[in-house]
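Q: what's the 3D shape of this:
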Amino acid sequence: MIIRAMEFHDFTDCKSLLDMIDDREFVFKYKHELEGKFEEMVTWLLNVKLGISSRPIPPFTSDNRKVDLLGLYVVAERDGGYRNVTNENLWPVVAKDMGYEYHDGEFMRIIYAMYLDVLVYYYKFKGVQEKVIGSDAGPSEISHERRSDGDVRDEEAYQHYALFAGNDWEGVMKMQKKRRREGN
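A: Next up is the predicted model:
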């Protein structure tokens, strides 16, 4: 089976699993296998990719109940993702949908932020990155900006990041100019 054979060596492996999880029928059919592989993926991302080893995987509630990270991811994404669930104050509903009490909603929000938010960010960023790389724009059509530390970045990548972060492009540029002035 494909799920059992998956290993995580770079983020494209994570992206492949997350692409599979987009199919809700697939998740329902192979939930048990996916739960273990999802935890393995989160463990790889936090411990190997990000170097964070202080978070126990899987996380547990104060009454020693295991938090199903796959279930938390699926339920939160179904309700519009972290930002929407937070803005609409739906974390108590997410907790209830997962079999916990309404008062566990804030705990679910914290668990999502600590374990899954960075995963979702990378996933969306990689999707945008693939679209930019796969576009028909040649090297001469993409403008570059050289930062003071010598790093070259695509203006399009900055713009996509700004849109992903919920900011407009002009607001990001103003913040960067302000930081540069304050730094000098």
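
Q: could you use CA atoms for every contact and neighbour count after this?
A: Noted.

Q: closest to the centroid, which residue in this protein?
A: Centre of the chain computed as the mean C-alpha position; nearest residue by C-alpha atoms, centre = their mean is residue 120, 1.3 Å away.

Q: which of the helices or strands spans it?
A: Applying DSSP states H and E as the criterion places residue 120 in helix 117-134.

Q: can you show me the CA trace of that helix as CSV?
A: Output for helix 117-134, consisting of C-alpha atoms alone and laid out as CSV, is shown next (Å, rounded to 0.1, in the frame of the first residue of the first chain):
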residue,chain,number,x,y,z
ASP,A,117,0.2,25.5,11.6
VAL,A,118,3.7,25.4,10.3
LEU,A,119,2.8,22.3,8.3
VAL,A,120,-0.1,24.0,6.6
TYR,A,121,2.1,27.1,6.0
TYR,A,122,4.7,25.0,4.2
TYR,A,123,2.1,23.1,2.3
LYS,A,124,0.5,26.3,0.9
PHE,A,125,3.8,27.9,0.3
LYS,A,126,5.0,24.9,-1.7
GLY,A,127,1.8,25.0,-3.7
VAL,A,128,2.3,28.6,-4.6
GLN,A,129,6.0,28.0,-5.3
GLU,A,130,5.1,25.2,-7.8
LYS,A,131,2.6,27.5,-9.6
VAL,A,132,5.3,30.2,-9.9
ILE,A,133,8.0,27.8,-11.1
GLY,A,134,5.5,26.1,-13.5
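
Q: which helices and strands does it pack with?
A: Counting contacts by 3 or more C-alpha pairs under 8 Å, 6 or more residues apart in numbering; DSSP states H and E, the secondary-structure elements packed against helix 117-134 are helix 11-21, helix 155-164.

Q: pick out the shakiest of those helices, pLDDT-wise.
A: Among those, helix 155-164 carries the lowest mean pLDDT, at a mean of 47.
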